[in-house]
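1. Okay, here's the prediction I keep looking at, along with the sequence it came from:
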Amino acid sequence: MPELPEVEVSRLGLLPHLPGQRLLNAIFRTPRLRHPIPPELATRLAGLHIDAIRRRGKYLLFDCESAHGGGWLILHLGMSGSLRLVAPGTPPQKHDHVDLIFASTVLRLRDPRRFGTLVWHEGSRVESHPLVAVLGTEPLSDGFGGDWLYDATRPRRGPIKTVLMDSHLIVGIGNIYAAESLFRAGISPLRPAHRISRKRCRALAEAIRATLTEAIAAGGSSVRDYVHSDGGAGSFQTSCAVYGRQGQPCPRCGAPVRMIRQAGRSTFYCPSCQR
């Protein structure tokens, strides 16, 4: 699933091309993704100008204005979605479900599993939309840090890895980035969140920031379907210390990396280095 780094890389790839452009038309080749796509949405979008593109968690937020009032197009890539900028007239492939058509380019959403989301929010306060209002703290924001993480995890008795992946608490830390951050901080994914000291929470917060920042610089992780808006692939997955390396030697101590299941997801860690 595309996580915070992949969505941010997608946003950065669109910034040179879409803000300031007028949306001429929208084509929907499916009646629904995760949620139904209203038939009138294409008419509502035609003629809007894209003023800015923001990110909140794993959502891309397109700030749109028109002479009749503005709103926000909220887009989530789901489990297998990706965005591509293609030339007008480029024939769609099997899983290309949405085209947003501009004068010189087309923003195309490919979503093989159709778990993505595309909804319209009328008005200026996108933060009030139900999909956005429930989101937790941004891990790359000024408000995130070790002391915040310590306070936030005191009531949490579940294992720290599943807590890190709770989007109501912290947004965008997916499976790969939770595993790699915990390895960098030397913390076992099995440790109850409320039993991690303030000092170790500070180390974990720094590891999360560093991991996400490096992942963005590497173009994210292309494990299955994710590609950049220009069709390129991310490379962070090639430098992972533990994720996907079951049975291979830990790069720190040489012990075999272990894989377990947590909340239905694969967890990779070093049982020797991570306590």
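-> Yes, it's here. What you see is a predicted model; the values in this text were computed from it and never measured.
2. residue ranges with poor pLDDT in the chain?
-> 66-69, 222-234 (pLDDT under 70).
3. which residues of it fall in strands?
-> Using DSSP state E, the strands of the chain run over residues 25-28, 49-56, 59-65, 71-76, 82-86, 96-101, 106-110, 117-122, 258-262, 265-269.
4. Would you mind listing the buried residues in the longest one?
-> Yep, that's strand 49-56 we're talking about. Applying a neighbour-count criterion of 16 or more other Cβ atoms under 10 Å, one finds 49, 50, 53, 55, 56 buried in strand 49-56. C-beta coordinates here come from the backbone N, C-alpha and C atoms, glycine included.
5. if we can go back for a sec, possible to save the strands of the chain as CSV with distance to residue 144?
-> Shown next, in CSV, are the strands of the chain (distance: least, Cβ to Cβ, whole Å):
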stretch, distance to residue 144
strand 25-28, 35
strand 49-56, 14
strand 59-65, 18
strand 71-76, 21
strand 82-86, 26
strand 96-101, 32
strand 106-110, 29
strand 117-122, 25
strand 258-262, 23
strand 265-269, 22
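6. Indicate which one of those is closest to residue 241.
-> strand 265-269 (9.0 Å; Cβ to Cβ).
7. Is it possible to get TSV of the buried residues of strand 49-56 that adds distance to residue 189?
-> Converted to TSV, the buried residues of strand 49-56 look like this (distance: Cβ to Cβ, whole Å):
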residue	distance to residue 189
49	45
50	40
53	34
55	26
56	26
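8. follow-up on the earlier one: for residue 139, which of the strands of the chain is the nearest?
-> Going by Cβ to Cβ, the one of these nearest residue 139 is strand 49-56, 12.2 Å.
9. what sits against residue 61?
-> Listed by Cβ atoms under 8 Å, 6 or more residues apart in numbering, the contact partners of residue 61 are 53, 54, 55, 72, 73, 74, 75, 126, 132.
10. longest helix anywhere in this structure?
-> Ordering each helix of the chain by length in residues (DSSP state H) puts helix 198-217 first.
11. mind listing the helices in this protein by residue range?
-> Using DSSP H, helices in the chain cover 4-14, 41-45, 130-133, 146-153, 160-164, 175-185, 198-217.
12. Throw those helices into a markdown table and include mean neighbour count and distance to residue 263, thanks.
-> What follows is these, written out as a markdown table (neighbours: other Cβ atoms under 10 Å; distance: least, Cβ to Cβ, whole Å):
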| stretch | mean neighbour count | distance to residue 263 |
| --- | --- | --- |
| helix 4-14 | 22 | 19 |
| helix 41-45 | 16 | 34 |
| helix 130-133 | 13 | 21 |
| helix 146-153 | 17 | 16 |
| helix 160-164 | 23 | 5 |
| helix 175-185 | 25 | 10 |
| helix 198-217 | 18 | 18 |
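13. Identify whichever of the ones you listed lies nearest to residue 110.
-> Residue 110 lies closest to helix 4-14 among the helices of the chain, at 11.9 Å (Cβ to Cβ).
14. How much space separates the closest residue to residue 100 other than its chain neighbours from residue 115?
-> Leaving aside its sequence neighbours, residue 100 sits nearest to residue 107 (Cβ to Cβ, 6 or more residues apart in numbering; 4.2 Å). Between residue 107 and residue 115 the computed distance is 19 Å (Cβ to Cβ, to the nearest Å).
15. ends of stretch 254-272, how far apart?
-> End-to-end distance of stretch 254-272 (Cα to Cα, to the nearest Å): 9 Å.
16. and what of stretch 102-120?
-> 18 Å.
17. list the buried ones in it?
-> Those would be 102, 105-112, 116-120, for stretch 102-120 by 16+ other Cβ under 10 Å.
18. Please apply the same query to stretch 130-144.
-> 131, 132, 135, 136, 137, 138, 139, 140, 144.
19. Tell me how far it lies from the chain's centre.
-> Its chain's average C-alpha position is 12 Å from that of stretch 130-144, according to Cα atoms, centre = their mean, to the nearest Å.
20. Name the surrounding residues that touch that stretch.
-> Everything outside stretch 130-144 that qualifies as a contact, by Cβ under 8 Å, 6+ apart, is 4, 56-57, 59, 61, 74, 76, 117, 119, 126-127, 148, 152, 166-173, 205, 208-209, 212-213.
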